[in-house]
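[1] Could you look at this predicted model? Sequence included:
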Amino acid sequence: MEPKQGYNVIPIQYNLQELESNLREILQPVVPTTDFVVDLKKRLLRYPRWKITLPGMLKSSMLVSAGLFSGVLILVTSIRAIVTILGTFKILRQINTQVNKKQVSATQTGVLSI
Amino acid sequence: MTQLSEDKLLERATHGDREAFGALYEQYVGRIYNYIYYRTGNTSDAEDLTERVFYRALRHIGNYDDRGLPFSAWLYRIAHNLVANWYRDNSRRKEFPLDDAVFRPRQYDHPEHKILKSEEQEWLLLEIRRLPPERQQLLILKFVEHLSNAEIGRVMGRTEGAIKSLYHRTLLVMREEMVNEPTINITDNDGKKDY
């Protein structure tokens, strides 16, 4: 391949073995600093225990229990709300009935007095 | 450390034994660090992400299930996911810091050849990091970790044949890139790098 004028072209007549050889040369293991490794290990060992000791089964059962409890709570609250609304309607209806009765009796009393 | 003792450590670690997890950490921290280092290209992000990998592993070790895959495969998967998130969150895909890339000059090289060689290696490193993540992982496991195709297959959840094939295709793609870019890693007349 002809090099471009004005450019310092690196020879690139690679075959796959050369490419592999170059990869082997540049992909060398790097070592993390000892400070980093030691410090991270200390912090990992101090990490709150409950976060890692909660077994999967217990976690799942707790989630299911929480879900069931929430569901029952919502159901009870809904029933209570419906009962309260119905109760309010009943009271309103009773009040309305009583008012009507009073009006009727007042009218009758008025008629009699006349 | 034998496989048996690693199994024992794993069993103890999954039951909350912190010392056992510490031993596993010591065994794998270098490998995970290497993997992340070559994926991100700088030590500070490599340290940060390595830390996150082991914290995540610690949080989820109780749920670890050996499905015939080595423990390292589980760690590499966590690392892979975190690196992917890192690229997505930081949009650094196009940045190549390479602040501390490892270039090892050979003593027998002529100085001029040494410079050219270093440039060539730098370009090659950039090319590696332009590859799809699974190909990068393959190269890192092969050349940095010196794993065999069978071992790489176990880590990446593929067959040995599939790894061989992927490796060969990766080399062909890289060689093609080099042929298509004759001005690779070169300085032009103004002394500017021509990536």
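    Thanks, I have it. Just so it is clear, the model here is predicted, and its values are computed rather than measured. Numbers count the residues shown, from 1 in each chain, chains lettered A, B, ... in the order given.

[2] Tell me which stretches of chain A form helices.
    A:16-26, A:34-46, A:50-53, A:56-113 (DSSP state H).

[3] got CSV for the ones you listed, with mean pLDDT too?
    Below are those laid out as CSV (pLDDT from 0 to 100):
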stretch, mean pLDDT
helix A:16-26, 85
helix A:34-46, 92
helix A:50-53, 56
helix A:56-113, 88
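
[4] confidence score at residue B:56?
    Looking at residue B:56, its pLDDT is 93.

[5] Check the chain and tell me which residue is nearest its centre.
    Answering for chain A, as no chain was given. Against the mean C-alpha coordinate of chain A, by C-alpha atoms, centre = their mean, the closest residue is residue A:63 at 12.5 Å.

[6] that's the other chain; I wanted chain B
    Centre-nearest of chain B using C-alpha atoms, centre = their mean is residue B:35, 2.7 Å out.

[7] is chain A contacted by the strand or helix carrying it?
    Element membership for residue B:35, per DSSP states H and E: helix B:18-40. Yes. Shown here: helix B:18-40 in contact with chain A (C-beta under 8 Å from any C-beta of the partner chain) through B:18, B:19, B:21, B:22, B:25, B:26, B:29, B:30, B:33, B:34, B:37, B:38. No exception for glycine: its C-beta is placed from N, CA and C like everyone else's.

[8] Go through whatever helix or strand comes next after that helix and flag the buried ones.
    Scanning forward in sequence from helix B:18-40 by DSSP H and E, the next helix or strand is helix B:43-60. Judged by neighbour count (16 or more other C-beta atoms under 10 Å in any protein chain shown), helix B:43-60 contains these buried residues: B:43, B:45-47, B:49-55, B:57-58.

[9] give me the subset of these touching chain A.
    Answer for the buried residues of helix B:43-60 near chain A (C-beta under 8 Å from any C-beta): B:46, B:47, B:50, B:51, B:54, B:55, B:58.

[10] just so I know, which of the helices of chain A lies nearest chain B?
    helix A:50-53 (3.6 Å; C-beta to the nearest C-beta).

[11] one step back: out of the residues of helix B:18-40 next to chain A, who's nearest chain A?
    residue B:33 (4.4 Å).

[12] can you pull the contacts of that closest one?
    Counting by C-beta atoms under 8 Å, 6 or more residues apart in numbering or on different chains, residue B:33 makes contact with A:30, A:32, B:46, B:47, B:50.

[13] and residue 67, how many neighbours?
    Reading this off chain A. Residues lying near residue A:67 (other C-beta atoms under 10 Å in any protein chain shown) number 10.

[14] My question was about chain B, not that one.
    Around residue B:67 there are 8 residues (other C-beta under 10 Å).

[15] nearest spatial neighbour of residue B:50, skipping sequence neighbours?
    Among residues not flanking residue B:50 along the chain, residue B:33 sits closest, at 4.7 Å (C-beta to C-beta, 6 or more residues apart in numbering or on different chains).

[16] about what we covered before: I'd guessed the residue nearest to the centre of chain B sits against residue B:76; true?
    Yes. Using C-beta atoms under 8 Å, residue B:35 makes contact with residue B:76 at a distance of 6.4 Å.

[17] Now for those two: what residues contact both?
    residue B:137.

[18] Please verify my assumption that residue B:45 contacts residue B:36.
    Yes. At 7.4 Å, residue B:45 and residue B:36 qualify as touching, with contact defined as C-beta under 8 Å.

[19] related to what we said a few turns ago, could you provide the helices of chain A in TSV, with additional columns for distance to residue B:180?
    Formatted as TSV, these follow (distance: least, C-beta to C-beta, whole Å):
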stretch	distance to residue B:180
helix A:16-26	14
helix A:34-46	39
helix A:50-53	50
helix A:56-113	51
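
[20] Any chance of JSON lines for those, columns distance to chain B?
    What follows is these, written out as JSON lines (distance: least, C-beta to the nearest C-beta, whole Å):
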{"stretch": "helix A:16-26", "distance to chain B": "5"}
{"stretch": "helix A:34-46", "distance to chain B": "5"}
{"stretch": "helix A:50-53", "distance to chain B": "4"}
{"stretch": "helix A:56-113", "distance to chain B": "5"}
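
[21] To residue B:153, which of these lies closest?
    helix A:16-26 (18.7 Å; C-beta to C-beta).
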